[in-house]
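Asker: Predicted model, plus sequence, below.
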Amino acid sequence: MSENPNNKVCVIIGASHAGVNLAFALRSEGWAGDIVLIDADAALPYHRPPLSKAYLASDDGIEQNLLKSADSYEKEGITLRLGVLVKSIDRADKCVHLNDDSVQVYDKLVLATGASPIVPPIPGIDGASNLYPLRTAEDVTNIRKALNTSQSKRVIVIGGGYIGLETAASLKKLGATVTVLEREERVLSRVTAPEISQFFTNLHKQYGVEIFTDKNVVSIETKNGLNVIKCSDNSRFNADIIVVGVGIRVNTALAVAAGLEVENGIKVNATARTSDEDIYAIGDCTFHHNPHYNRFIRLESVQNAVDQAKVAAAAIAGKETTYNTIPWFWSDQYDVKLQMVGLSEGYNRILVRKEASEDTKFSVWYFKDDELLAVDAVNNAKAYVIGTKFIKEGKKVDASKLVDPSTPFKPANLLAE
Amino acid sequence: MAKITFITRNGEKITVEGNDGSLMELAKQNNIKGIDGDCGGVCSCATCHVHVDPAYFEKTGTASEIENDMLELDDNVGEYSRLSCQIPVSDALDGLVLQVAN
C-alpha cells in the first residue's frame, strides 16, 4: 500500500495481450500512479496468434513481433519485471511475493495469468524426444531448432484444433512431413460445424498433410531420438518431433491460493473485478458473463483479452464501462483465412452460404431456431462483417435468400421480412 | 525516411518518422491513440482504421477485397478509408496525413 494517495500502485501479473493492453489503457485513462507489469517469460511481450501461423513459418526473431516497443513502456512509465514468477498473493497486506524473494505492494492488482498448454498424461510422454507444446515464443524457437537439426523432418501433431492445424500448415511450409492425430471423429469438433471440419481436412490433404481421426494416443516409446506413438487401435506413427496441441488449462493457482472465487476460470463481474474489490482479472483466465449470450463463459482469444483490459482499466481509473462484446476469432492456414464471430454453442440448425463459382469461399451460419448465434467465414470477410452486424443488432436472416448465391451479399438483401 | 502525421479523434497531431513495416506498426510504436492493431496486422480485426488525406490516397495503393469488406465493420467508413496494417511505409509516403477513425 502506498502512503501517498497520488502515487498508487497497480500491479499486473501476466504481460501478454491482456496485461500489456491493460497497462497502456490504464495510462490513457489517466492513472497517475505506478504501473508494474510482471511476467515469468523473460522476453519482451509479443503477439501470440502469429506464433503458430506466419511467425513459425518465417525466420523472424521475436523482436519483429512485439506488442509494444521497449521505448513505449518507458515513455508511458510502465515498469516491466520480466523473468520473475509470482509465488503468492497476500490480500491482507496487499502485496505479491516473487520468486526472487522480493515483495511488490499494490493498491490494485490485475490477474492476467492466461493459460498453459495441457501435456496429457500419456505413458512415455516425459521421455519423448523433441516434444513441445506451442504457446510461447520459446516453444517456437525449440520447434524450429528441432526441425533444422532433423534429417527426416517427420512431425506428428497431437490434436486437430486450431493450434494443431495452424502448426501443421506452417511446418509443412518449412518442408516437414506432417501428420495430425485427432482423438475425435473430426478435426475442430469442439468449435465448428462438420462442414468447416471437412473443408480443412480436405485443405490439409491437398497440401500433403495427413490427418487421422479417432486416434487416441496411448503411449510414446522413444529410442535414439525416434519417437513411436501408439494409438488405442494399435496403429503406430514415427516422429522426430511431436507437437502437442490438445488444449489449455487456465492458470488459476494464484487466485485459488488467495481464496478468490474461481469456477471455470477466475470469476469476474461486468467490470472484470474478482470477488476482492481491489483485484481484477482479464483475458483467457477469466470466467465472465457475456450479456449478449446471457451466460458465463471462458474464452481463449485476443479479442477478449483486449476488451477486458479496456474495461478493467476504466474501472481501476474510476470510470465505469461494462463488458459487452460479441466474441470474434480468426485462423490462418495456408492461404485460407477463417474468421469467426459469435458463439455457436447451443445451435440447432446451420445454413451454408456458398459463393457462385468460388468453392473456397463460403460461410456457415449457426442458428438456435431463428436466432443467429455465430458465423464462420472461409475466405469471406463479407460474410464475417454481415454476420457481426446481424448478431449485434439481433436481426433475423431470410434463410432462402442467404443460401441463394444469386442474392447479392448485402445486409439489406438478407433481412427476413 | 518518411514523415507521417496522424491526427487522432481528439484532434492531437503527431508526426512520426518511419522506414519500413506498416503504418499500423508505426502507429503502435508511437502509441497513436485509436490504432490498436489487435490481430497483429493480418487484416482480421479492423482496429487500425484510418482516413487517408485524399491527396495521398493513390500513393497508399489499392485495398484488397478482404480489406474493403473488413472496413464495412466500422460505421465510420468513408471514401478514403484504409486499414493501416495493409499500407507499407515507404519514402513515397513522405508527408502523408492520416485521420485516425476511432
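Answerer: Cool, got the structure.

Asker: What's the end-to-end length of stretch A:334-348?
Answerer: 31 Å (C-alpha to C-alpha, to the nearest Å).

Asker: what comes up buried for it?
Answerer: Judged by neighbour count (16 or more other C-beta atoms under 10 Å in any protein chain shown), stretch A:334-348 contains these buried residues: A:Tyr334, A:Lys337, A:Leu338, A:Gln339, A:Met340, A:Val341, A:Gly342, A:Leu343, A:Ser344, A:Tyr347. C-beta: built from backbone N, CA, C; applies to glycine.

Asker: just curious, which of these is nearest to A:Phe200?
Answerer: A:Leu338 (8.0 Å; C-beta to C-beta).

Asker: what helix or strand does that closest one sit in?
Answerer: Counting by DSSP states H and E, the element that carries A:Leu338 is strand A:336-342.

Asker: hang on, the earlier thing: switch the buried residues of stretch A:334-348 over to CSV; also include pLDDT and distance to chain B.
Answerer: Below are the buried residues of stretch A:334-348 laid out as CSV (pLDDT from 0 to 100; distance: C-beta to the nearest C-beta, whole Å):
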residue, pLDDT, distance to chain B
A:Tyr334, 96, 14
A:Lys337, 95, 7
A:Leu338, 97, 10
A:Gln339, 97, 6
A:Met340, 97, 10
A:Val341, 98, 10
A:Gly342, 98, 14
A:Leu343, 97, 18
A:Ser344, 97, 18
A:Tyr347, 97, 23
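
Asker: What pLDDT does the model give the nearest residue to A:Asn324 once chain neighbours are set aside?
Answerer: Nearest residue to A:Asn324, sequence neighbours excluded (C-beta to C-beta, 6 or more residues apart in numbering or on different chains): A:Pro291, at 4.9 Å. Per-residue pLDDT puts A:Pro291 at 96.

Asker: about what we covered before: output the buried residues of stretch A:334-348 as TSV; include the columns distance to A:Thr252.
Answerer: Formatted as TSV, the buried residues of stretch A:334-348 follow (distance: C-beta to C-beta, whole Å):
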residue	distance to A:Thr252
A:Tyr334	36
A:Lys337	33
A:Leu338	29
A:Gln339	30
A:Met340	26
A:Val341	28
A:Gly342	26
A:Leu343	22
A:Ser344	26
A:Tyr347	29
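
Asker: Return the distance of the strand holding A:Leu338 from the chain's centre.
Answerer: 14 Å (C-alpha atoms, centre = their mean, to the nearest Å).

Asker: Return the residues in contact with whatever residue of the stretch 1-150 of chain A ends up closest to chain B.
Answerer: The nearest approach of the stretch 1-150 of chain A to chain B comes at A:His47, 4.1 Å away (C-beta to the nearest C-beta). Contacts for A:His47 (C-beta atoms under 8 Å, 6 or more residues apart in numbering or on different chains) come out as A:His17, A:Tyr55, A:Asn65, A:Leu66, A:Leu67, B:Gly40.

Asker: Among the residues you listed, which pair sits farthest apart?
Answerer: Once C-beta to C-beta is applied, the contacts of A:His47 give A:His17 and A:Tyr55 as the farthest pair, at 14.6 Å.

Asker: Quickly run through the sheet partners of the strand holding A:Leu338, with directions.
Answerer: strand A:328-333 (antiparallel), strand A:371-378 (antiparallel) (DSSP bridges).

Asker: Please report the distance of the closest residue to chain B within the stretch 251-400 of chain A from B:Leu71.
Answerer: Minimum separation of the stretch 251-400 of chain A from chain B (C-beta to the nearest C-beta) falls at A:Ala381, amounting to 3.6 Å. Distance of A:Ala381 to B:Leu71, computed by C-beta to C-beta, to the nearest Å: 9 Å.

Asker: tell me the domain boundaries of chain A?
Answerer: A:9-116+A:249-316, A:125-246, A:335-414 (automatic domain parsing).

Asker: Now distance to B:Asp20 too, for the ones you listed, in a markdown table please.
Answerer: As requested, the domains of chain A are exported to a markdown table (distance: least, C-beta to C-beta, whole Å):
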| stretch | distance to B:Asp20 |
| --- | --- |
| domain A:9-116+A:249-316 | 10 |
| domain A:125-246 | 21 |
| domain A:335-414 | 24 |
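
Asker: Which of these sits closest to B:Lys3?
Answerer: With respect to B:Lys3, and counting by C-beta to C-beta, the nearest of the domains of chain A is domain A:9-116+A:249-316 at 18.5 Å.

Asker: Between the two ends of the closest one, how far is it?
Answerer: One end of domain A:9-116+A:249-316 sits 11 Å from the other (C-alpha to C-alpha).

Asker: Quick check: residues of chain A near chain B?
Answerer: Within chain A, the positions adjacent to chain B are A:17, A:24, A:28, A:47, A:49-50, A:53-54, A:65, A:68-69, A:71-72, A:75-76, A:302-303, A:306, A:328, A:330, A:332, A:337, A:339, A:381-382, A:384-385, A:388-389 by C-beta under 8 Å from any C-beta of the partner chain.

Asker: Now, these that are in strands?
Answerer: A:Trp328, A:Trp330, A:Asp332, A:Lys337, A:Gln339 (DSSP state E).

Asker: of all those, which two lie farthest apart?
Answerer: Once C-beta to C-beta is applied, these give A:Trp328 and A:Asp332 as the farthest pair, at 14.3 Å.

Asker: and which of the contacts of A:His47 is nearest A:Asp107?
Answerer: Distance ranking of the contacts of A:His47 against A:Asp107, using C-beta to C-beta, places A:His17 first at 23.7 Å.

Asker: quick one on the thing from earlier: settle it for me: which of A:His17 and A:Tyr55 has more neighbours?
Answerer: A:His17 (29 against 23; other C-beta atoms under 10 Å in any protein chain shown).

Asker: if I pick that one, what's in contact with it?
Answerer: A:His47, A:Arg48, A:Leu67, A:Gly283, A:Val302, A:Ala305, A:Val306, A:Ala309, B:Asp38.

Asker: mind running it again at 7 Å?
Answerer: By C-beta atoms under 7 Å, 6 or more residues apart in numbering or on different chains, the contact list for A:His17 reads A:Arg48, A:Leu67, A:Gly283, A:Val302, A:Ala305, A:Val306.

Asker: Going along the chain, name the helices of chain B.
Answerer: Secondary structure of chain B, counting by DSSP state H: helices at B:23-29, B:65-71.

Asker: got TSV for those helices, with mean pLDDT too?
Answerer: Output for the helices of chain B, formatted as TSV (pLDDT from 0 to 100):
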stretch	mean pLDDT
helix B:23-29	92
helix B:65-71	94
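
Asker: Deepest in the core, which of those helices is it.
Answerer: helix B:23-29 (a mean of 24; mean count of other C-beta atoms under 10 Å in any protein chain shown).

Asker: counting contacts, what elements does it pack onto?
Answerer: Packing partners of helix B:23-29 (3 or more C-beta pairs under 7 Å, 6 or more residues apart in numbering or on different chains; DSSP states H and E): strand B:2-7.

Asker: any bit of the strand it packs on sitting next to chain A?
Answerer: No - if you take C-beta under 7 Å from any C-beta of the partner chain as the test, strand B:2-7 misses chain A, and the best it gets is 14.9 Å.

Asker: so how far is the biggest helix by length in chain A off the chain centroid?
Answerer: In chain A, taking DSSP H as the definition, the longest helix is helix A:302-316. Helix A:302-316 has its C-alpha centroid displaced from the chain centroid by 15 Å (C-alpha atoms, centre = their mean).

Asker: How about residues contacting it?
Answerer: A:10, A:17-18, A:21-22, A:25-26, A:29, A:31, A:49, A:108, A:110, A:271-273, A:280, A:282-284, A:286, A:320-323, A:325, A:327-328, B:36, B:38-39.
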